[in-house]
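Novice: got a structure for you, letters missing:
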């Protein structure tokens with residue numbers, strides 16, 4: 001409720017999150033070259049505001065990767081726009097990138113672990129092109 005734009009409940013909560021992440025990164029200093037922080041929501045939000053000034057749960061969410069090995073300052077993923085025809089069920093962002101792809105590439109580039117070969121994510125039939133958002137540290 002009352003999410004707001006640059007001022008409101010959501011802006012306040014995101015300010016807390018970004019402040020905590022910034023403090024953690026600053027505390028780790030040069031060690032961040034070998035640390036990866038993956039931050040994600042467990043669900044997305046609808047595009048349009050609901051009756052109480054917020055948005056309802058949706059499908060496509062977000063992920064944020066922070067660390068020295070991130071090929072950074074870039075948005076990875078597919079953008080299809082906010083037009084009704086581009087939305088999942090005409091109301092929220094579709095899922096374009098499975099989070100397991102991000103996790104699998106992270107495990108590989110950080111530790112040399114092949115999550116797909118080891119069936120680390122049972123039932124996930126990986127067919128996606130690599131995201132290629134990390135520089136390998138192994």
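Specialist: Sure, I can see it. None of the values given here were measured: they were computed from a predicted structure.
Novice: Give me the outermost residue of this protein relative to its centroid.
Specialist: Taking Cα atoms, centre = their mean, the residue of the chain most remote from its mean C-alpha position is residue 51, at 27.2 Å.
Novice: That one and residue 83, how far apart?
Specialist: According to Cβ to Cβ, to the nearest Å, residue 51 and residue 83 sit 23 Å apart. C-betas here are computed from N, CA, C, even on glycine.
Novice: and the residue lying closest to residue 94 once chain neighbours are set aside, how many residues sit next to it?
Specialist: Spatial nearest neighbour of residue 94, chain neighbours left out: residue 88 (4.3 Å); criterion: Cβ to Cβ, 6 or more residues apart in numbering. Neighbour count of residue 88, defined by other Cβ atoms under 10 Å: 16.
Novice: Do a quick rundown of the helices in the chain.
Specialist: Assigned helices in the chain, in chain order: 9-28, 99-111 (criterion: DSSP state H).
Novice: just checking, what packs against the first one?
Specialist: Right, the one you point to is helix 9-28. Packing contacts for helix 9-28, counted by 3 or more Cβ pairs under 8 Å, 6 or more residues apart in numbering; DSSP states H and E, involve strand 37-40.
Novice: Partner strands of the strand it packs on, with direction?
Specialist: Here strand 37-40 is paired, per DSSP bridges, with strand 63-66 (antiparallel).
Novice: so who does the residue most central in space within the chain touch?
Specialist: Among the residues of the chain, the one closest to the centroid is residue 63, at 0.6 Å (Cα atoms, centre = their mean). Counting by Cβ atoms under 8 Å, 6 or more residues apart in numbering, residue 63 touches 38, 39, 40, 97, 99, 102.
Novice: The first one pairs with what?
Specialist: When bridges are assigned using DSSP bridges, the partners listed for residue 38 are residue 65.
Novice: Quick check: residue 115 touching residue 121?
Specialist: Yes. Counting by Cβ atoms under 8 Å, residue 115 does reach residue 121; the two are 6.3 Å apart.
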